[in-house]
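1. structure for the following, please:
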Amino acid sequence: MSFKNKFSVNKILEWISNDNSEAVLRYIRFFAKPTDSFERHSQYCRIANRLISSGVDLPELRISFLSGSTIDHWIDSLRFWLLLEGFQLKSYLAPFNTWRQVVMNPAADIYSNNPHFIWLFLTWRDLRFTDISVPAGEIDEEISHAISDVGGAVSNLCSKTKATIIVNNSDASPVRLFGNYEGQYQFSRSSLIQYYNLQLPAILPQGCIIFDLFHQSSAFGLNHWDDPRLWHHSKHPFSMDAISSVAFSAARVLTAALGKAKKCIVLDLDNTLWGGIIG
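-> Here you go, the predicted structure:
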């Protein structure tokens, strides 16, 4: 099947009405890119929801989410990218910013659908660091508090479920109280975030997965990553245009954890697989 360069929603709706989900998925795979605008990606998400509602025959992937920010749009985006990976996302999102309370409750709804994964989706704003500079002698204590806060939540989850736990490390903060000196002083927020990220793997129980949100923010670009207007308006963790690329990477992490990653070994033949030169 060959496609023209113009994306057509009408063509997709026609295929959906004819129960031709395979054609829809091939068509979208041809066009969709993580770098697409939020407006275009919103179209993809609506199509994914329409396709799932039509009864597409794909295995379910059940994930419960806890977050201190608004991630509804991000979950919709993740649903789309997982659909292209061959999975149908069944999600549950705990009430906004209740993750510290929910992890303590063995009867919480995050466990009710027997999830494959529980995702603790945190950002730099969830870390309990002092809002002003930390005295040099209290840096270790400050980091320890943040690590214990998140590590305790993960340990609570692990004690109550067999689901694989995923937790974000901290994205880079755009708030630079000391300007260029953020990178020079140990007590700056930027330095504390780096210390936190380095220590996080050591305190997580075996089998947990860290989603590298720090890399996501750096790769996307801090000047465009954070949107203060969106944060104060609706507590979105990052800009709308970053949603797709973060969800794309998350879908890849999930499929790899499920053993669906594809590996390719590229090597020379002559004097590698055999001696001598042919041709």
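2. residue ranges of the strands in the stretch 151-279 of the chain, please?
-> Assigned by DSSP state E, counting those that start in this stretch, the strands in the stretch 151-279 of the chain fall at 164-168, 209-211.
3. distance to V175 for those strands - can I get that in TSV?
-> For the C-beta atoms, the positions are set from N, CA and C on the backbone; glycine is no exception. Below are the strands of the stretch 151-279 of the chain laid out as TSV (distance: least, CB to CB, whole Å):
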stretch	distance to V175
strand 164-168	18
strand 209-211	22
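4. just the ones you listed: most buried one?
-> Counting by mean count of other CB atoms under 10 Å, strand 164-168 has the highest mean neighbour count of the strands of the stretch 151-279 of the chain, with a mean of 21.
5. now do the helices in this structure.
-> All helices of the chain, identified by DSSP state H, fall at 9-17, 21-31, 38-53, 72-84, 99-102, 139-160, 189-203, 213-220, 222-225, 228-234, 240-257.
6. rank the ones you listed by pLDDT, which is bottom?
-> For the helices of the chain, the stretch scoring lowest in mean pLDDT is helix 9-17; its value is a mean of 77.
7. what's the angle from that one to helix 38-53?
-> 10 degrees (axes from the mean of the first three to the mean of the last three CA atoms, to 10 degrees).
8. for helix 9-17, enumerate the helices and strands it packs against.
-> helix 21-31, helix 38-53 (3 or more CB pairs under 8 Å, 6 or more residues apart in numbering; DSSP states H and E).
9. I'd like the strands of the stretch 151-279 of the chain as a markdown table, with distance to E60 and mean pLDDT appended.
-> Shown next, in a markdown table, are the strands of the stretch 151-279 of the chain (distance: least, CB to CB, whole Å; pLDDT from 0 to 100):
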| stretch | distance to E60 | mean pLDDT |
| --- | --- | --- |
| strand 164-168 | 15 | 98 |
| strand 209-211 | 19 | 98 |
